[in-house]
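K.L.:
Task: produce atomic coordinates for the following.
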Amino acid sequence: MRTNSFRPNRRLKRAFTLIELLVVIAIIGILVSLLLPAVQQVREAARRTQCANNLKQMGLAAANYESAFQKYPALSLFPTETPAGVPYSSSDSRNGWSVHAQLLPYLEQGNLESKINFDWGYKDHPEINVNGELAQITRFRIPTYICPSEIKDERRGEGTDEENYPLNYGANAGIWFVYDPLGVRDGEGTFRTGKKTRIAEFTDGTSNTAMFSEVKAYTPYFRNAGNDPGTLEGLQNGSFTADDLVALGGDFKTNSGHTEWCDGRSHQSGFTAFYPPNTQVLYTVGDTTYDFDWTNWQEGKSSSGNNTFAAVTSRSYHGTGVNMCRVDGSVQFISNDIDLVAWRSLATRKGGEVLVLE
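P.N.:
Next comes the predicted model:
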């Protein structure tokens, strides 16, 4: 008797071998390594665009301030009295408010600005009431003043008696000379210490004068050297080196420059065109090398008439240059390779230079 045997139709399923899996993983790794830089470039381009937009908003705020007061803010707006109501004398140390503090109402920060009494210095200012709690004005983060590429977007002195939030956009304080406390002369920049500037004073033209440019938070710096370097040999041709600055002396601070958005001093809320953008000004202590700024004397701190000179470099995390806002409100990306004479011409409001930038 013949029986039909049933055999199921079995298909052999072929699996990946270990070698094939390793090849696939290697290919995926190569593709990711090729794609990642492109993604990072797109992200950085977006951050740079947002940074430029922040500067655009600041330029518009300054224009609205000028429209309201017929003057641009002071680089450092000095207080007139202590919280106790005692008037300051000419020899007192004063902590002036920055351009950035004065522009708050025009950057949708009117509620915060309304709590500031500008008759008092920012360090002397009593804590303000915020939602039923007392807080220091200086501790607040102002979003427009922070570049999206900043790597230390964080409060300095968290939990201490002196909390401060940094900033990434410095006000134009000129080239080298910033302030004469005796009032004999003024700085060359858009903003002047202790004085406001009329638009008629921009004889170079508002489109030929820088208003704000990028700076890095937590910048190391020298301050209060106590001497008066005056007009430096080598200043005109840019041959003054980092070692030359170090030789001028001063107290060295490792990481506190541009960490106080409310402080009107040039090393905290300003920049100067002493060096081109992103110039590395290096100073080594032990095993650590710092890219530093230098300022002769803190504005408002001298009771003996010490002038303020400053080399506060415009820096950014964008690599090839910095975003800059002109007095006319236009924003431009300035290359690190900009000619030093052209860069310094942008920093003067009435230098009489003929400026042509591509």
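
K.L.:
since we're on residue 88, how many residues are nearby?
P.N.:
17 (other CB atoms under 10 Å). For glycine as for every other residue, the C-beta is placed from the backbone atoms N, C-alpha and C.

K.L.:
Next, the contact list for it, please.
P.N.:
Residue 88 makes contact with 78, 79, 80, 81, 82, 94 under the criterion CB atoms under 8 Å, 6 or more residues apart in numbering.

K.L.:
Whichever of those residues end up buried, select them in ChimeraX.
P.N.:
Buried subset of the contacts of residue 88, written as a ChimeraX selection, criterion 16 or more other CB atoms under 10 Å:
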select :78,79,94
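
K.L.:
Just send the contacts of residue 88 back as TSV, with distance to residue 218 too.
P.N.:
Shown next, in TSV, are the contacts of residue 88 (distance: CB to CB, whole Å):
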residue	distance to residue 218
78	26
79	26
80	32
81	32
82	30
94	25
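
K.L.:
among the contacts of residue 88, which one has the lowest pLDDT?
P.N.:
Lowest pLDDT within those is found at residue 82 (74).

K.L.:
which two from the contacts of residue 88 end up farthest apart in space?
P.N.:
Across those, the longest distance by CB to CB is 12.4 Å; it joins 78 and 82.

K.L.:
Kindly point out which residues are neighbours of both of these two.
P.N.:
Listed as contacting both residue 78 and residue 82 by CB under 8 Å, 6+ apart are 88, 121.

K.L.:
so where's the protein shaky on pLDDT?
P.N.:
For the chain, residues meeting the criterion pLDDT under 70 lie at 1-16, 35-42, 89-92, 231-238, 303, 354-358.

K.L.:
Switch the contacts of residue 88 over to CSV; also include distance to residue 19 and secondary structure.
P.N.:
Listed next are the contacts of residue 88 as CSV, based on distance: CB to CB, whole Å; DSSP: H, G, I helix; E, B strand; the rest coil:
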residue, distance to residue 19, secondary structure
78, 75, coil
79, 75, coil
80, 80, coil
81, 81, strand
82, 79, coil
94, 75, coil
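
K.L.:
which of the contacts of residue 88 lies closest to residue 348?
P.N.:
Residue 348 lies nearest to residue 78 out of the contacts of residue 88, by CB to CB, at 23.4 Å.

K.L.:
Could you check how far the closest one is from residue 263?
P.N.:
Computed with CB to CB, to the nearest Å, the distance linking residue 78 and residue 263 is 12 Å.

K.L.:
one step back: closest to residue 171 out of the contacts of residue 88?
P.N.:
For the contacts of residue 88, the minimum distance to residue 171 (CB to CB) is 15.4 Å, reached by residue 78.

K.L.:
Residue 136 versus the closest one, what's the distance?
P.N.:
Applying CB to CB, the value for residue 78 to residue 136 is 20 Å.

K.L.:
what's the answer for residue 314, then?
P.N.:
Counting by CB to CB, the gap from residue 314 to residue 136 is 28 Å.

K.L.:
In terms of neighbours, single out the busier of these two.
P.N.:
Between residue 314 and residue 136, counted using other CB under 10 Å, residue 314 has the larger neighbour count: 31 against 21.
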